[in-house]
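Enquirer: Next comes the sequence, and after it the predicted model I'd like to discuss.
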Amino acid sequence: MTQSPTPVTPERIGEILDGEGIAYDIMGDTVIVTYPQFGIYFGCFEQALGAAGTWTGAVGPELVTVALGASNEWNLTQLTPMLGFSIVGPDAEATPTDDHAPAAEDIINFSFRRTALTGEGMSRNQLGAWIMTTIETTVACVGWLETQFPDTTTTILGGEYLPLSAMQEDK
């Protein structure tokens, strides 16, 4: 049986996640999946499906050159997700990196992105493969970041960071 492409909607993404036993929330055209180490937002647009996420780990501003090197290495050696970072000040507003030397109270946050063109729609198999590979490759990226920055703190749990390896040991 051939599946014909149909428009991508938050409800269709939810069906895929339900089938995989993954918890999520829907807010408008966005599906949110959260884990202790990262969160992913799947956004449904007229012609595209976007995924954006943030690693809950954060590193100090003294590692800005290491963060740049880590982002470049990941993006040069991996197909997806695209990895980037921003310097965030104490007021939680991202600060521009081109004319702002990081201050001691700033932190570096890493983020991920991936996009698929969906103007013609996606079959269930296409959508499921895209959603699951987005989550799987993000897990791989987070694990890799943890090896690059072993002294990670978190922006969510007040300085306590639970690495993926500790989560996997519990299973």
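Expert: Everything's here; your move. Numbers count the residues shown, from 1 in each chain.
Enquirer: ranges for the helices of the chain?
Expert: Ranges of helices in the chain, per DSSP state H, are 10-20, 64-77, 124-148, 164-169.
Enquirer: pLDDT weak spots in the chain?
Expert: Under the criterion pLDDT under 70, the flagged ranges of the chain are 1-3, 90-104, 153-171.
Enquirer: and if we set it to 50?
Expert: Along the chain, the parts satisfying pLDDT under 50 run over 95-97, 157-159, 170-171.
Enquirer: so what's the spatially most central residue of it up against?
Expert: Central residue of the chain (C-alpha atoms, centre = their mean): G53, 2.7 Å from the mean position. Residues in contact with G53 (C-beta atoms under 8 Å, 6 or more residues apart in numbering) are F38, G39, I40, Y41, P81, S111, F112, R113, T138. No exception for glycine: its C-beta is placed from N, CA and C like everyone else's.
Enquirer: still on that earlier bit, mind checking which of the helices of the chain is nearest G57?
Expert: Closest of the helices of the chain to G57 is helix 124-148, at 6.4 Å (criterion: C-beta to C-beta).
Enquirer: Quick one: work out the angle between the closest one and helix 64-77.
Expert: Helix 124-148 runs at 140 degrees relative to helix 64-77, counting by axes from the mean of the first three to the mean of the last three C-alpha atoms, to 10 degrees.
Enquirer: Next, the angle from helix 124-148 to helix 10-20.
Expert: With the same axes, to 10 degrees applied, the angle from helix 124-148 to helix 10-20 works out at 70 degrees.
Enquirer: what sits up against helix 124-148?
Expert: For helix 124-148, using C-beta under 8 Å, 6+ apart, the contacting residues are 3, 5, 8, 12-13, 16-17, 19-20, 22, 33, 37-38, 40, 42, 49, 51, 53, 55, 57, 66, 70, 74, 78-81, 83, 110, 112, 114, 116, 122, 152, 163-165.
Enquirer: Filter the residues you listed down to the buried ones.
Expert: Buried residues within the contacts of helix 124-148, defined by neighbour count using 16 or more other C-beta atoms under 10 Å: 8, 12-13, 16-17, 33, 37-38, 40, 42, 49, 51, 53, 55, 57, 70, 74, 80-81, 83, 110, 112, 114, 122, 152, 163-164.
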